[in-house]
Each structure stands twice: as C-alpha cells, then as structure tokens.
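In: Structure here, sequence nowhere to be found:
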C-alpha cells in the first residue's frame with residue numbers, strides 16, 4: 001500500500017478482497033466475502049469502494065458493474081494509483097480482467113479531446129471479448 005494513503009479498516013478489507021480475487025467483483029460479492037469480518041450492509045461496501053476509487057486504488061468497470069484492484073499500485077511509468085488512462089481487457093467467458101496502459105492511446109485521446117475543446121474528468125477504456133485461453137478453447 002502507498003504510505004501516503006491512510007485507509008480505514010473497512011477500506012483495507014475491501015481492497016484486500018479485491019486484491020485476492022481472481023477477477024472483478026460486484027459490491028454484493030464483496031459484501032458476501034466480508035460478512036465474517038462484520039460487514040452487514042451494502043452501504044459499508046459502497047462507502048469503502050467510493051474512497052478507494054477516488055484514491056485510484058480501485059477501478060470501477062462500468063460495462064459489468066464491478067470493481068477491480070488497481071494493477072498500478074506502485075510508482076511506475078505513470079506515477080501509480082490510477083494516473084493516466086485506465087484500460088481493461090475483459091473476458092466475457094471466464095471474467096478475467098487485464099489492466100493495461102498505453103502511452104500512444106493516451107496521447108491520441110488527449111489530442112482528440114483537446115481538438116474538440118473538451119476537458120475530460122475521467123477516461124476508462126473497456127474492451128470486451130475473449131482472453132487468450134478462452135479464445136483458444138472456443
């Protein structure tokens with residue numbers, strides 16, 4: 001975890017559940033996983049997810065209404081914690097999600113929005129299809 005971001009117990013538990021998951025999880029799946037840790041209401045999960053998303057530790061995958069821990073938690077080429085454009089490849093068969101970053105894509109989207117005099121507040125690219133393993137078995 002980044003020492004600059006102070007997380008509550010609930011935020012730590014939600015982030016841990018997402019980090020341990022094999023794929024993206026809905027808020028209700030997170031609630032089910034954390035019932036033994038004292039979670040009783042969806043609002044507890046949603047509050048934690050809101051703060052984790054704001055801090056860039058978690059991403060919301062809008063096309064499948066689910067959440068995934070950020071794969072860029074440590075400083076890397078983009079500064080970590082959701083810096084830059086979040087891009088995801090989502091397998092429609094097995095649910096595997098791969099987060100990736102492409103500077104060329106980011107540059108082209110920035111040029112497009114600037115040419116349209118549009119100021120984006122958030123950009124997420126979601127590509128849905130089949131992962132390599134599912135495509136090979138199809």
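Out: Good, I have the coordinates. This one's a predicted model, so the numbers in the text were calculated from it and none came from an experiment.
In: CA only for contacts and neighbour counts going forward, please
Out: OK.
In: what number of residues lie near the closest residue in space to residue 33 that isn't next to it in sequence?
Out: For residue 33, the nearest residue in space outside its immediate sequence neighbours is residue 17; the separation is 7.3 Å by Cα to Cα, 6 or more residues apart in numbering. By the measure other Cα atoms under 10 Å, the count of residues near residue 17 is 19.
In: wait, what's in contact with residue 17?
Out: Under the criterion of Cα atoms under 8 Å, 6 or more residues apart in numbering, the neighbours of residue 17 are 30, 33, 34.
In: residues of the helix or strand harbouring it that come out buried?
Out: Of the helices and strands defined by DSSP states H and E, residue 17 is found in helix 9-20. When burial is assessed from 16 or more other Cα atoms under 10 Å, helix 9-20 yields the following buried residues: 10, 11, 13, 14, 15, 17, 18, 19.
In: list the contacts for residue 30?
Out: Residues in contact with residue 30 (Cα under 8 Å, 6+ apart) are 14, 17, 18, 45.
In: coming back round to it: out of the contacts of residue 17, the closest to residue 104 would be?
Out: Ranking those by separation from residue 104, with Cα to Cα as the measure, puts residue 30 on top at 34.4 Å.
In: just the helices in the chain please.
Out: Secondary structure of the chain (DSSP state H): helices located at 9-20, 27-33, 42-54, 103-115, 132-137.
In: Make CSV out of the buried residues of helix 9-20 and add distance to residue 96 and pLDDT.
Out: Converted to CSV, the buried residues of helix 9-20 look like this (distance: Cα to Cα, whole Å; pLDDT from 0 to 100):
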residue, distance to residue 96, pLDDT
10, 25, 97
11, 23, 97
13, 22, 98
14, 19, 98
15, 18, 97
17, 16, 98
18, 13, 97
19, 13, 96
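In: and the residue positioned nearest the centre of the chain, what does it touch?
Out: By Cα atoms, centre = their mean, the mean C-alpha position of the chain lies nearest to residue 59, the distance being 2.2 Å. Neighbouring residues of residue 59 by Cα under 8 Å, 6+ apart: 53, 67, 68, 69, 70.
In: out of the helices of the chain, nearest to residue 95?
Out: Nearest to residue 95 among the helices of the chain is helix 132-137 (10.0 Å), distances taken as Cα to Cα.
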